[in-house]
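Novice: pasting the sequence and the predicted model now:
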Amino acid sequence: MEKENISFALVVHSCDRYEFLHKGFYYFFSMYWDHSIPCKCYLSTEEKDSMMPGFENIKTGKGEWADRFRYLLTEKIKEDYILFFQEDMWLTKKVNAKFFKELFGMVAEKKWKMVKLHSSDVYKTISTPYYIEGFNVASVDIPKSKFLFSHQVTLLEKQFLTSQLFKNERPWQNEQLASERLKRLKPEIIHIDYFAQNGNPEINKNVDPI
């Protein structure tokens, strides 16, 4: 696959029960997201319409979390990589478009399957020589880390993500069971401290990150 042919999508995988969070999510997203970042935006619901300017609302029908997500990826979303958000992840500062453009280029070149983009002490990492806007591109130390498949902001290759969505898995089951699967598979997992999950501090050896 050529670098320039790889496409990216930002996907907010939601459900009708959490519709009350959509307005707040969009308020902060529209304030802080940079729409020059080259990715298409999707919002998934089950049966309800939910209008967010700039997002395509795609519906999964009723079903378990992993089944609905898998349906989106195999039937509705054509892009190669998924930047995964949930509706309760609200931005608090301006997003740097240059960071994401460089990240997408590096992902296209390196063919990474999974890039964790949030700070959390569940991860133990190993520094690499690569940096993006001052953030070290670290490698996750799989044996020493905990939840490898936590549902925080992550960039994933679509086929890899689909392979970790097992039938009837609820969100919390998926985090636990997919983490156990990845412990056995030992894939390369990249970690960058871009988003401060719940205000958590950086865990990598960054150099004046933007």
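Specialist: In hand now; what should we look at? Residues are numbered from 1 along each chain as shown.

Novice: please make it C-alpha for all contacts and neighbour counts, starting now.
Specialist: Will do.

Novice: what about the strands in this structure?
Specialist: For the chain, the strands defined by DSSP state E occupy 8-13, 40-45, 55-59, 81-85, 114-118, 125-126, 131-132, 135-136, 138-140, 154-157, 190-195.

Novice: now stretch 174-185: buried residues?
Specialist: 174-179, 182-183 (16 or more other CA atoms under 10 Å).

Novice: what does stretch 97-114 give?
Specialist: Here stretch 97-114 shows 99-101, 103-104, 107-108, 112-114 as buried, counting by 16+ other CA under 10 Å.

Novice: equivalent analysis for stretch 195-204, please.
Specialist: Buried-residue list, stretch 195-204, by 16+ other CA under 10 Å: 195, 197, 202-204.

Novice: any idea how far it is from the chain center?
Specialist: Relative to the centre of its chain, stretch 195-204 is centred 15 Å away, using CA atoms, centre = their mean, to the nearest Å.

Novice: got the end-to-end distance for it?
Specialist: 12 Å (CA to CA, to the nearest Å).

Novice: stretch 132-150 too?
Specialist: Start-to-end, stretch 132-150 (CA to CA) is 23 Å.

Novice: hmm, back to that, which one among the buried residues of stretch 174-185 gets closest to residue 190?
Specialist: residue 182 (13.2 Å; CA to CA).

Novice: contacting residues around the closest one?
Specialist: For residue 182, the contacting residues are 148-149, by CA atoms under 8 Å, 6 or more residues apart in numbering.

Novice: relative to residue 119, how far out is it?
Specialist: 19 Å.

Novice: got it, and residue 167?
Specialist: 29 Å.

Novice: which of the two has more neighbours?
Specialist: residue 119 (23 against 13; other CA atoms under 10 Å).

Novice: on that earlier part again, which of the buried residues of stretch 174-185 lies closest to residue 66?
Specialist: Among the buried residues of stretch 174-185, and counting by CA to CA, the member closest to residue 66 is residue 174, at 7.3 Å.

Novice: now do the closest one against residue 121, distance only.
Specialist: For residue 174, the distance to residue 121 - CA to CA - is 20 Å.

Novice: just to revisit the earlier point, now the buried residues of stretch 195-204 as TSV including pLDDT and distance to residue 82?
Specialist: TSV is the format used below for those (pLDDT from 0 to 100; distance: CA to CA, whole Å):
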residue	pLDDT	distance to residue 82
195	95	16
197	83	19
202	94	23
203	94	24
204	96	23
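
Novice: among those, which lie within helices?
Specialist: Within the buried residues of stretch 195-204, no residue falls in helices by DSSP state H.

Novice: which one of those sits closest to residue 19?
Specialist: Distances from residue 19 to those, taken by CA to CA, are shortest for residue 197, at 21.8 Å.
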